[in-house]
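# Based on what follows, work out the 3D shape:
(one chain, ligands or ions: 1)
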Amino acid sequence: MYEEAAELISNAKRVTAFTGAGISVESGIPAFRGEEGLWNKYDPIMADISFFLNNPLESWKMIKEVFYDFFGEAEPNTAHYVLAEMELSGIIKTVITQNVDNLHQESGSKNVVEFHGTSQKLICVNCYKKHKIENIDLIILPPKCPDCCGLLKPDFVFFGEGIPEHARNKAFLEADKSDLFIIVGTTGEVTPASSIPQLAKRNGAKIIEVNIESSTFTRDITDIFLKGKATVELENLMEYL
Ligand code: APR
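Numbers count the residues shown, from 1 in each chain. Take a look at the predicted model:
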């Protein structure tokens, strides 16, 4: 399988990696779904935009615990570093990620499309100014905008919110132009993100998928399924490139 996958990669003209929470599990960040999934412990309503705007304190308590206290110390793992290495050596052009943990950038990936935004900035729902998370104190919740005292919200996409336009455009451009997608660690259950690899497939792209178990993509669009942990499968694949 690795040889076949390596063959596809070396014959491809433009390769995009598409990642989900599974790539960060080995950095200590639990996935959202599955038995240990975050949505089994926390009610996803806390990450719904209308709930957040009506119950900012309750929502921020969960957001702080999950996305800042807990994720805060996470470091990139081998899988992130392999993708960064692949970009550096010109094997892949872009990483489109659904993750908001910034671990692709911290591992050295440069061309990263954050389809669901980022936890590294907070945006004011009143004046729309963005503030780096390190400049905002999360001791007092909900955090307020230093400029206008408006409510601050993480700059990532809540349920019920639209995808940032620049991310959407860049992602769908890659779905148009790439002839190979490497999907890593995602159930493919969330739209519109999951339509990106599907569109690529419809445009004739080949699909390599890395996951510890099959996903909604595996049956429908995956050409080569590397079943296993992202760190192991990507490191093994790199040996053949
Ligand atoms: N290596 C590879 N894959 C893994 C690993 C691992 N070590 N551990 C878990 N996985 C896989 C799981 O099998 C699952 O398919 O990662 C996937 C995680 O799925 P989800 O938790 O649904 O994460 P994701 O697909 O990224 O969710 C998409 O949903 O809640 C929203 O906005 C949130 O971006 C997120 C979106």
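# helices or strands up against the longest helix along the chain?
Looking across the chain with DSSP state H, the single longest helix is helix 165-177. Judged by 3 or more Cβ pairs under 8 Å, 6 or more residues apart in numbering; DSSP states H and E, the packing partners of helix 165-177 are strand 94-97, strand 112-114, helix 195-202. All C-beta spots, glycine's among them, are computed from the backbone N, C-alpha and C.
# and the angle for that helix with helix 195-202?
Between helix 165-177 and helix 195-202, the angle comes out at 20 degrees (axes from the mean of the first three to the mean of the last three Cα atoms, to 10 degrees).
# How far off centre is helix 165-177?
Put simply, helix 165-177 sits 15 Å off its chain's centre (Cα atoms, centre = their mean, to the nearest Å).
# got the contact list for the nearest residue to residue 151 once chain neighbours are set aside?
Nearest non-adjacent residue to residue 151, counting by Cβ to Cβ, 6 or more residues apart in numbering: residue 125, 4.9 Å away. By Cβ atoms under 8 Å, 6 or more residues apart in numbering, the contact set of residue 125 is 53, 150, 151, 152, 153.
# Just the closest of those to residue 93, please.
Nearest to residue 93 among these is residue 153, at 31.3 Å by Cβ to Cβ.
# Mind listing what's buried along the worst-scoring helix or strand of the chain on mean pLDDT?
Here the helix or strand of the chain ranked lowest by mean pLDDT, DSSP states H and E is helix 38-41, holding a mean of 90. By 16 or more other Cβ atoms under 10 Å, the buried positions in helix 38-41 come out as residue 38.
# Look up how far the ligand lies from the residue of the chain positioned farthest from its centre.
What lies farthest from the middle of the chain is residue 148; by Cα atoms, centre = their mean that is 30.7 Å. For residue 148, the distance to the ligand equals 28 Å [Cβ to the nearest ligand atom, to the nearest Å].
# Report the spatially closest residue to that residue, excluding sequence-adjacent ones.
residue 127 is the one closest to residue 148 (Cβ to Cβ, 6+ apart), at 4.4 Å.
# Then residue 62?
Take residue 62 and drop its neighbours on the chain: the residue closest to it by Cβ to Cβ, 6+ apart is residue 46, 4.1 Å away.
# residues in contact with residue 48?
Counting by Cβ under 8 Å, 6+ apart, residue 48 makes contact with 158, 159, 160.
# Repeat that for residue 66.
Residue 66 sits next to 38, 42 when contact means Cβ under 8 Å, 6+ apart.
# partners of the strand ranked longest in the chain in the sheet?
Taking DSSP state E as the criterion, the chain has its longest strand at strand 117-124. According to DSSP bridges, strand 117-124 has the following sheet partners: strand 130-132 (antiparallel), strand 152-156 (antiparallel).
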